[in-house]
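**Student:** coords please:
(chains A, B, C and D)
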Number of protein chains: 4
Amino acid sequence: MPIRVLLLGYGLVSAHFHVGIERIKLGEVEPYGVPLARHRMSHRVEDIEVVGAVDVDVGKVGRSAYDVARDSIGDSVPVPSTLRDVEITMGLHMGSLRGLPMRAEGLEERFGIEGGLTKFFEYLDSVRPDVVINVITTEDASPFGNVDALRNSISRGSCSAGQIYAYAAATWRRGIAFVNVIPTPLARDHAFVDLFSGSRSLVLGDDGATGATPLTADLLEHLAERNRRVLSIAQFNIGGNTDFLALTMPERNAMKEATKASVVEDVLGYDVPHYIRPTGYLQPLGDKKFVSMHVSWRTFNGLEDEMVVNLRINDSPALAGLLVDLARVGRALVEREQYGTAYPVNAFFMKSPGPPGSKNVARVLAYERLVKWLAQIGVIH
Amino acid sequence: MPIRVLLLGYGLVSAHFHVGIERIKLGEVEPYGVPLARHRMSHRVEDIEVVGAVDVDVGKVGRSAYDVARDSIGDSVPVPSTLRDVEITMGLHMGSLRGLPMRAEGLEERFGIEGGLTKFFEYLDSVRPDVVINVITTEDASPFGNVDALRNSISRGSCSAGQIYAYAAATWRRGIAFVNVIPTPLARDHAFVDLFSGSRSLVLGDDGATGATPLTADLLEHLAERNRRVLSIAQFNIGGNTDFLALTMPERNAMKEATKASVVEDVLGYDVPHYIRPTGYLQPLGDKKFVSMHVSWRTFNGLEDEMVVNLRINDSPALAGLLVDLARVGRALVEREQYGTAYPVNAFFMKSPGPPGSKNVARVLAYERLVKWLAQIGVIH
Amino acid sequence: MPIRVLLLGYGLVSAHFHVGIERIKLGEVEPYGVPLARHRMSHRVEDIEVVGAVDVDVGKVGRSAYDVARDSIGDSVPVPSTLRDVEITMGLHMGSLRGLPMRAEGLEERFGIEGGLTKFFEYLDSVRPDVVINVITTEDASPFGNVDALRNSISRGSCSAGQIYAYAAATWRRGIAFVNVIPTPLARDHAFVDLFSGSRSLVLGDDGATGATPLTADLLEHLAERNRRVLSIAQFNIGGNTDFLALTMPERNAMKEATKASVVEDVLGYDVPHYIRPTGYLQPLGDKKFVSMHVSWRTFNGLEDEMVVNLRINDSPALAGLLVDLARVGRALVEREQYGTAYPVNAFFMKSPGPPGSKNVARVLAYERLVKWLAQIGVIH
Amino acid sequence: MPIRVLLLGYGLVSAHFHVGIERIKLGEVEPYGVPLARHRMSHRVEDIEVVGAVDVDVGKVGRSAYDVARDSIGDSVPVPSTLRDVEITMGLHMGSLRGLPMRAEGLEERFGIEGGLTKFFEYLDSVRPDVVINVITTEDASPFGNVDALRNSISRGSCSAGQIYAYAAATWRRGIAFVNVIPTPLARDHAFVDLFSGSRSLVLGDDGATGATPLTADLLEHLAERNRRVLSIAQFNIGGNTDFLALTMPERNAMKEATKASVVEDVLGYDVPHYIRPTGYLQPLGDKKFVSMHVSWRTFNGLEDEMVVNLRINDSPALAGLLVDLARVGRALVEREQYGTAYPVNAFFMKSPGPPGSKNVARVLAYERLVKWLAQIGVIH
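**Tutor:** All right, here's what the predicted structure looks like:
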């Protein structure tokens, strides 16, 4: 039974997700980077089918996923011809690309908010997704707190693109799994958790846990379990993809910084002077970011140790690999009537796990608990 | 109720253990680097009392622990005057310092094997330890397999220093906890596990898990849980203390390499080309070793990522911090009639956990299981 | 023949300079970190005598250099009692500490600009320096371009602290060597070069070349000489001293960034996408900063290589070591009637070498040329 | 006017050299990694023509360079069809591949020493090289000291492959440039320097300076010029090509270690505890080696700093790029009657520069002197 997936934002992550899924079907690559591929699950990786994709970059809208993926990632991986079947369709903009060097246009700019939403519902009707994945560019957004406040803001058009997409998905029809891997607070906004719960749907989020943050969580847990007293943490990130470009804009950067830094006190149990943030944009690095981390701690008998970690990692494929599981798990949970949000999933897959008030734990513990829970409810066996 | 501890080998680790314990009693330092100090335990750190210490370095034998510790670690930490109460006494040699640049003499060289053992039993009678900690220099040794073979070899003097010390402790009297933090196979030799079990005693071991190996285990677990396919692992260590000097001798190095490399397949579930070994001796680095690690893996969509970890860590204090817990837990287990060996303890604290045939697991998981078990049997609450 | 030195700003660099000089005189340390100490020079390191020091931090003014140095660096090095002979005196503020968390007051705030300058001239008369070293906190300042514009601004009080100090030194009397190791443009402002030249004096500057920048210059030269095509450069700095704190303020940071980044095109001969800047403040790192650098390049046959450099360096002692030579060379040049500024000195010792329009070259080449020139004019033999 | 080049040993370096040259001719790549390509030289890169190649690996002999290059480097770069014109011919073995996992056979094994040499002379007659480049696998060899000893050993077949090749080239005919980029002592053996000098020919060597060694030289020079006292140097190398495999054999490793370590005292002027050696073989790293270096030093006021450098570099292309210049410069020097050997060239391009007794200097200085000298004698303008 296929899982029909709609992609919101057809940037590098969506392209790698789409291409990777198709290459796995073709037997060209193994499902490396897909955490739960080590387990037998109710839904196979090959069950995923990308049925639609929206974007607001006028350079992408109207072209085939094949052409867009070739332009963006064609230098590093072969793009299967099956991507010709999906066309990038115009989505909702809400200013989400404002300030970035691409020309953008959204349905609401053509048809007004209400008209734009209507168009988007029509699109949902046509592609009939089981899972909607939000992987648009990092945007500035605040939680609404309750459903009434949310509905009011939507009707005035006073919300972000991620929020209006989530609203649309939740109200379109029952049984949707919405996966949010950007920092916009959805799974940690009571408004959205209640909205999805009310429509017998599910929202997973927020901010996919790739890169340095989950590694930092596990390294800090490693230190904490030896009762080493962490003295300072510095972590730099630099990359050349659109997300790093967006993060050079202060308000977008602030969104990201908050989700990154919360891990420290959550894992250690005390706060530590730290400098953890997306730091810079350097175009030639492309999608392969460079991370440098320095951690110092006090060890036995009052002495001081230190560790430096340097990473060179493909940013988008790492997130794309998580999306494969999030789509499968999201669908399986809805089928098992797990509505609202699902902390055990978010705790492993997300930097800022919902529901509101949730804590970060070391990923290795979150993983063990997730696998146990998924086995209990019959998603993996 | 104090825990009476006897130290076998009074090198840097013993000195840091001894000094650190006394400084904690004086309130000069916090018990950082002592993993279980975050929990309430049946025995407090301050309950530990070093009642004796043996060595075979003629430059140490007959001097006070205070003088020896001042010479070895006095530049980096203040040495409390309470160390004057312990004198370094001559122990058993069995060639354990052969080839190293210090003059050594052991009881068996003066009195023969039997006479030497008798002298050592007299010493045990005089200091009456609850816990015996083996932290002599890394030596070449093989498991005996069964108690008869062990007894035969001991009577012929055909065994290592670590082995004869463990034999002596097990046969001296009941209720001893023997802690082995060097690679010599004791907790993973059926001969010793049976011997200790038979005398209602306990052996914990082997090879204390400090430095790069437990970190490697946790990093590999981190990768495994994301189903990233590890392609290669290189790990270099270099330091300037006696243990690194000893490891420049091929047969000692081989002992260490085996305990380090076993972690790879245990954690990943498959073998990977790796180069993991204690690599070199560089005197000016002293006790603060330098570790460099390179790991590469395949991520989603067939691409390759890599990580470099560089550590600068105080080698001996890290192990000394573990000894604080091993002494406390060892004593508490004997009081709770847990004889033979204790895998949950070894799995977290040791590089090559006994009993024979045991596997390495990610430390973070071992820790969670250890804490749960210790709570169940009432050691921590 | 002693060299009488006046220190402007008595922070970590001045304290290390002062303490280091006195410890060298006492035979406690070797003159490591003093580049030209390998050569015989007309003036010995021991000839340097600190005769005065000014600051505007009210927590320092009126106290002895000994007390202030003990507070700031007494944990890492012993402070000789000879520092009791120097009292920290109130200097000119001009808002140079504005926004930083210390209470500041300057002579001009008490006596007006003209009165303040008069007081400062009186102070110069009393301490009679041969060399004045400007090592106040990084400030925001622009070049004046010509002496008239400079005089006008000074009379209106519209200049920075570094500029008014330099003006005062140049107009006080002939034969002064003024050493500027902060980014304020003095040696690369025609106004100051002409002013010093006119008073038969010398200004050396700007921005002392310690830390990552001179190393970057030499690494880039290394690549350039192999015709490796540099593709990208990322460089992060993080530290916990006052200078890093000051650099968290955007306008001060911009001053520093410009002097750091200019090295790339100067050395390579072409521009490269780069991210080079003082990045963050992390208090526990103290004066020992952490630097991480990533450089990638194209090698033969179209392939790509990369290098990561991680530094842990004592920030202030590195600069203090250069000051020892700058004081000696500055004095020696004035004695040899080398007025205005001296490019061969600046090219090696400064990040932004004056006079205006000068280029950065690889330090190793600058060093060779400097040594040759100093030998020609008889400063070293 | 073309430069006819014969390659001894058709491994990765030869393949990259051959392919790179042809791709430059085709305009596919720039001559990056070719140091002197920044200057106008008497001979252009495009003048180089590979006219022959010998090897003793039976898996290569008799096949076209195109096929062999495709097998070895075809995954990373496209191989031009012009390589079909060169056939890999059987060379002299002398046990140079002994112990390595490939089947080898050399002319002397078929025809005896004298017969083998005759065959090789015939081959030289047929391909008529101007430049012979020795890039066979690292071998164990000692200098002869004088020409008579050399001739005696050759006639008895008691010499290495590199030595017999050099002997053959020197005695074949006048005006040959022989380039030796492996550690075998040729340019630093009086026997060979005299032999080449006597036949109005030139030998350049020994051991091409790529990778960590020249970088170490420049970093140490950087420290020396600031009079920082180096305390320790650790350097690890690990890679997966045949050369690293060969270096796991102790006697080959010793050859390499000597050429690497000599740089320390040559540049610093004093010896320092160091651990610098080719360390390990890790097949998945392939030709892209990993280098980790730790250097510590004493800075001003007695404090200690440290630096860690991690490199990920394509091993063979780096050396291939140097060969392009060595071929051009070698030919140009012979034309200008510079016989014997040429220290200014060796000082920049080689790890162990000949003639015997020569010192290593920082590469950046060697480069400046080389360029000056080549300009004087009209090779570059």
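**Student:** every contact and neighbour count from this point should use C-alpha atoms.
**Tutor:** Will do.
**Student:** flag every buried residue along stretch A:264-283.
**Tutor:** By 16 or more other CA atoms under 10 Å in any protein chain shown, the buried positions in stretch A:264-283 come out as A:264, A:266-268, A:273-283.
**Student:** now for those: which two are most distant?
**Tutor:** Using CA to CA, these span at most 34.7 Å, a distance reached by A:Leu268 and A:Gln283.
**Student:** hmm, who's touching whichever strand or helix holds A:Ser14?
**Tutor:** Element membership for A:Ser14, per DSSP states H and E: helix A:12-26. Residues from elsewhere that reach helix A:12-26 (CA atoms under 8 Å, 6 or more residues apart in numbering or on different chains): A:7, A:29-31, A:45-46, A:48, A:50, A:65, A:68-69, A:72-73, A:79-80, A:82-83, A:135, A:316-317, A:319-321, A:323-324, B:300-301.
**Student:** now, which of the residues you listed lie close to chain C?
**Tutor:** When contact is defined as CA under 8 Å from any CA of the partner chain, the contacts of helix A:12-26 do not meet chain C at all.
**Student:** quick one: buried ones out of those?
**Tutor:** Neighbour counting by 16+ other CA under 10 Å classes A:7, A:29-31, A:45-46, A:48, A:50, A:65, A:68-69, A:73, A:79-80, A:83, A:135, A:316-317, A:319-321, A:323-324, B:300-301 among the contacts of helix A:12-26 as buried.
**Student:** return the subset of the residues you listed lying in helices.
**Tutor:** A:65, A:68-69, A:73, A:316-317, A:319-321, A:323-324 (DSSP state H).
**Student:** filtering those residues by proximity to chain B, which remain?
**Tutor:** Answer for these near chain B (CA under 8 Å from any CA): A:317, A:320-321.
**Student:** and those as CSV, adding pLDDT?
**Tutor:** CSV is the format used below for those (pLDDT from 0 to 100):
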residue, pLDDT
A:Pro317, 96
A:Ala320, 97
A:Gly321, 97
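**Student:** just send those residues back as a markdown table, with distance to C:Leu365 too.
**Tutor:** Formatted as a markdown table, those follow (distance: CA to CA, whole Å):
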| residue | distance to C:Leu365 |
| --- | --- |
| A:Pro317 | 44 |
| A:Ala320 | 48 |
| A:Gly321 | 49 |
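**Student:** just the closest of the residues you listed to chain C, please.
**Tutor:** Relative to chain C, the closest of these is A:Pro317; by CA to the nearest CA it sits at 20.8 Å.
**Student:** for C:His16, see how far away that closest one is.
**Tutor:** Separation of A:Pro317 from C:His16 (CA to CA, to the nearest Å): 49 Å.
**Student:** same check, this time on A:Leu36
**Tutor:** 56 Å.
**Student:** after the least confident helix or strand in chain A by mean pLDDT, next one along is what?
**Tutor:** Within chain A, no helix or strand scores below helix A:250-268, which has a mean of 75 by mean pLDDT, DSSP states H and E. Proceeding N to C from helix A:250-268, the next assigned helix or strand is strand A:274-281, under DSSP H and E.
**Student:** partners of that next one in the sheet?
**Tutor:** Note on strand A:274-281: by DSSP bridges, its sheet partners are strand A:229-239 (parallel).
**Student:** which residues sit against the helix or strand following the strand it pairs with?
**Tutor:** Remark: after strand A:229-239, the chain's next helix or strand is helix A:242-247, criterion DSSP H and E. Helix A:242-247 is contacted by residues A:100, A:137-138, A:238, A:252-253, A:256, A:278, A:280-281 when judged by CA under 8 Å, 6+ apart.
**Student:** could you pull out the strands in chain A for me?
**Tutor:** All strands of chain A, identified by DSSP state E, fall at A:3-8, A:48-55, A:88-90, A:131-134, A:177-180, A:202-204, A:229-239, A:274-281, A:288-298, A:304-314.
**Student:** any idea which of those strands is most buried?
**Tutor:** Ranked by mean neighbour count, the strands of chain A are led by strand A:202-204 with a mean of 32 (mean count of other CA atoms under 10 Å in any protein chain shown).
**Student:** list of residues touching that strand?
**Tutor:** A:175-180, A:186-187, A:192-193, A:196, A:326, A:330, A:334, A:338-342, A:345-346, A:354.
**Student:** can you redo the ones next to chain B among the ones in helices among the buried ones among the contacts of helix A:12-26 as CSV with distance to chain D?
**Tutor:** Shown next, in CSV, are these (distance: CA to the nearest CA, whole Å):
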residue, distance to chain D
A:Pro317, 21
A:Ala320, 25
A:Gly321, 23
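**Student:** for the stretch 1-150 of chain A, give the residue positioned nearest to chain B.
**Tutor:** A:Pro35 (3.9 Å).
**Student:** how close does that residue sit to C:Val379?
**Tutor:** From A:Pro35 to C:Val379 the distance is 67 Å (CA to CA).
**Student:** how about the residues of the stretch 201-350 of chain A that lie near chain B?
**Tutor:** So far as CA under 8 Å from any CA goes, the stretch 201-350 of chain A lies against chain B at A:215, A:218, A:221-222, A:224-229, A:298-314, A:317-318, A:320-321.
**Student:** same question, the stretch 1-150 of chain A
**Tutor:** So far as CA under 8 Å from any CA goes, the stretch 1-150 of chain A lies against chain B at A:16, A:19-20, A:23, A:29-38, A:77.
**Student:** drop anything exposed from those residues.
**Tutor:** A:16, A:19-20, A:23, A:29-37, A:77.
**Student:** where does chain A dip in pLDDT?
**Tutor:** A:255-261 (pLDDT under 70).
**Student:** so it: which segments form each domain?
**Tutor:** A:3-208+A:317-376, A:212-314 (automatic domain parsing).
**Student:** check contacts around A:Phe290.
**Tutor:** A:237-239, A:310-313, C:294.
**Student:** roughly how far does the closest residue to it other than its chain neighbours sit from chain C?
**Tutor:** Ranked by CA to CA, 6 or more residues apart in numbering or on different chains and with sequence neighbours excluded, the top spatial neighbour of A:Phe290 is A:Arg312, at 4.9 Å. Going from A:Arg312 to chain C by CA to the nearest CA, to the nearest Å gives 10 Å.
**Student:** so who does the residue nearest to the spatial centre of chain A touch?
**Tutor:** Nearest to the geometric centre of chain A sits A:Val181, at 1.4 Å (CA atoms, centre = their mean). Neighbour list for A:Val181: A:133-135, A:205-208, A:350 [criterion: CA under 8 Å, 6+ apart].
**Student:** for it, give me phi and psi.
**Tutor:** Taking degrees, to the nearest 10, you get phi -110, psi 20 for the backbone angles of A:Val181.
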